[in-house]
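> Let's see this in three dimensions:
(chains A and B)
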Amino acid sequence: MTQDIKPRIRLPSQIKPGEVIEVKTLVTHDMESGHRRDAAGKLMPRKILNKMTCAYNGRTVFEASLEPAIAANPYIAFFLKATESGTLEFAWTDDDGAVHRARQAIKVG
Amino acid sequence: MDSPLRPDRRRLVLGATALSAAAIAPLLLPKAALATPQAAAELLQKLVKGTPRQGRVRLQAPDIADNGSSVALAVAVESPMTAQDYVKAIHVVADGNPSPGVISVRLGPENGRAEISVRIRLAGSERVIAVAEMSDGSLWTASREVTVTVGGCGAG
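Residues are numbered from 1 along each chain as shown, chains lettered A, B, ... in the order given. Predicted structure coming up:
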């Protein structure tokens, strides 16, 4: 069962070569912590995105391990030195093993 | 030892046993009990080797969060982020959640700036701790107390 996590990635509209830019990411996911109980009082099993990575033209530039303490619909932002145009490739790994991928073109100059 | 002292001593020993059991319980049942400052410190010891010094890390979070299920957090580390001198990793833990871990990120000179923003869950009023690991192996830390009006774990 692969759900759609609807990745949304935002970069500045204009990027100068060498500029340090903020990369903002937002996905849709319950991030079920494993600590909540359902209506019947049964503990709901943990199901979160436990890892997120970003590669810039094939080179990993950001890697995050996520715990249940990350809020639902994870918003994660980081910085990146924009040296060249190309592609940012994102991947979020779910507890169920599914890997959700997204690509974002980056235009520098 | 005269007899009037004995019951007292027994009570003392029993009390001490109960106390240490209470201290160990969160370690044995990490999901049933809330994390303690001690559990948070132990997790940090697993994540980084050594004792971090205060400084170079700036932790931004609201003093009072109305809703613990989504609290904006930003961690920035002072670093030139050059190939010789950069931040390798940032770890964030919270000492009052069901488990202390929050997020760990790996960074490098290609980031240009050692700063992350994320929205986190806080079960109640608790301390959030960030530790930065530098390329030279030094460790820096900052922490911040966040007061939470409505906890964010049971409610989701």
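
> all helices for chain A, in order.
Assigned helices in chain A: none (criterion: DSSP state H).

> near chain B, which residues of it show up?
Residues of chain A lying near chain B by CB under 8 Å from any CB of the partner chain: A:20, A:24, A:33-37, A:56, A:59, A:61-72, A:74-81, A:83. In short, each C-beta sits where N, CA and C put it, glycine included.

> What subset of those residues is buried?
Neighbour counting with 16 or more other CB atoms under 10 Å in any protein chain shown marks A:33-36, A:56, A:61-72, A:74-81 as buried within the residues of chain A next to chain B.

> Next, the contact list for residue 53, please.
If you meant another chain, say so; for now it's chain A. A:60, A:62-64, A:90-91 (CB atoms under 8 Å, 6 or more residues apart in numbering or on different chains).

> try chain B instead
B:138-141.

> partners of it in the sheet?
Note on residue B:53: beta-bridge partners by DSSP bridges are residue B:140.

> One more: the one 5 residues further on?
With DSSP bridges as the criterion, the beta-bridge partners of residue B:58 are residue B:76.

> In contact with it: list those residues for me.
B:75-78, B:142.

> Tell me the spacing between it and chain A.
Computed as CB to the nearest CB, to the nearest Å, the residue B:58 to chain A distance reads 14 Å.

> got a pLDDT number for that residue?
Per-residue pLDDT puts residue B:58 at 97.

> and residue 96, how many neighbours does it have?
No chain specified, so I'll use chain A. 10 (other CB atoms under 10 Å in any protein chain shown).

> not quite, I wanted chain B
23.

> rewinding a little: with respect to residue A:104, which of the contacts of residue A:53 is nearest?
Nearest to residue A:104 among the contacts of residue A:53 is residue A:90, at 7.1 Å by CB to CB.

> Hmm, residue A:80 and the closest one touching each other?
No. In this structure, residue A:90 is not within contact of residue A:80 by CB atoms under 8 Å, at 11.9 Å.

> Could you name every residue contacting both of those two?
In contact with both residue A:90 and residue A:80: residue A:54, using CB under 8 Å, 6+ apart.

> Leaving out chain neighbours, which residue sits closest to residue B:110?
residue A:61 (4.8 Å; CB to CB, 6 or more residues apart in numbering or on different chains).

> OK, contacts around the one you found?
Each residue near residue A:61 by CB under 8 Å, 6+ apart is listed here: A:54-55, A:80, B:108, B:110-111.
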